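Enquirer: Provided below are the primary sequence and the corresponding predicted coordinates.
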Amino acid sequence: MKLYTSHGPNPRVVDRFLAEKDVRIPTHWVDIMVAENRRDPYLSEVNPAGTIPALQLDDGTHVSDVIAICEYLDERFPDRPLIGRTPEKRALSRMWTRRVDLMVCEPLANGYRFDQGLAIFSNRMRCLPEAAAGLKAVARDGLQWFEAHFEGPWLSGVSFTLADIMLATFVDFGNEIARQPLPLDLRRLQAWLSRVHERLGVTNFR
Ligand SMILES: N[C@@H](CCC(=O)N[C@@H](CS)C(=O)NCC(=O)O)C(=O)O
């Protein structure tokens, strides 16, 4: 197995997922700052969608997208499950992970790409600078929704899951890099983020 990794929150989710499971796999660094991921051989040999991370399986197949990669790793290394041991727990953690992705990760990341990240991203994907403020507001609305519906101690209840790792990593990215800080009045999420940091350590965006 080999993990193609780089800067940014998506690769960092997989790093944290692996660390929490105490699994180590060889990595290959791809420099997204110079768009190495947007040309061959990465496009033709690893991931035609051009995104990082991607995982090369032992049979040579490549899997991309954080959720697919983490699902595979959780099945391949079943100790310390982070998706869920039972169908019911898996259903819940998948529901919360999907909500996190659609309601916070995607709008927050595009809000960044279409604003501070424009110089890096405008020549590799369609960027809509006029949508940046709206997308950041959508991500904030998402965070407020999580605040209102959070029961804890973790997003999907008693089990710490991929949903927690994804949301915390994008919130860290918003706090540290993307100038979209977690509002201080979202008290439950602030306390949850502290618990995630106690468990995983703080993020270090490379
Ligand atoms: N939904 C994808 C998103 C992956 C993604 O956007 N990764 C970023 C790094 S955080 C990337 O590849 N950026 C460079 C680029 O798009 O050229 C996933 O789950 O893996």
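Expert: Structure's in. What do you need? Just so it is clear, the structure is predicted and the values come from calculations on it, not from any experiment. Residues are numbered from 1 along each chain as shown.

Enquirer: Pick out the residue of this structure closest to the ligand.
Expert: G8 (2.6 Å; Cβ to the nearest ligand atom). In short, each C-beta sits where N, CA and C put it, glycine included.

Enquirer: is it true that that residue touches F205?
Expert: Yes. In terms of Cβ atoms under 8 Å, G8 counts as a neighbour of F205; the distance is 7.2 Å.

Enquirer: between these two, who's got more neighbours?
Expert: G8 (21 against 14; other Cβ atoms under 10 Å).

Enquirer: Look at that one and report its pLDDT.
Expert: Note on G8: pLDDT of 95.

Enquirer: Likewise for R206?
Expert: pLDDT, R206: 66.

Enquirer: so how far is T203 from the nearest residue to L182 once chain neighbours are set aside?
Expert: Sequence neighbours aside, V171 is the residue nearest to L182 in space, at 5.1 Å (criterion: Cβ to Cβ, 6 or more residues apart in numbering). Here V171 is placed at a distance of 9 Å from T203 (Cβ to Cβ, to the nearest Å).

Enquirer: And S64, by the same measure?
Expert: Distance of S64 to T203, given as Cβ to Cβ: 22 Å.
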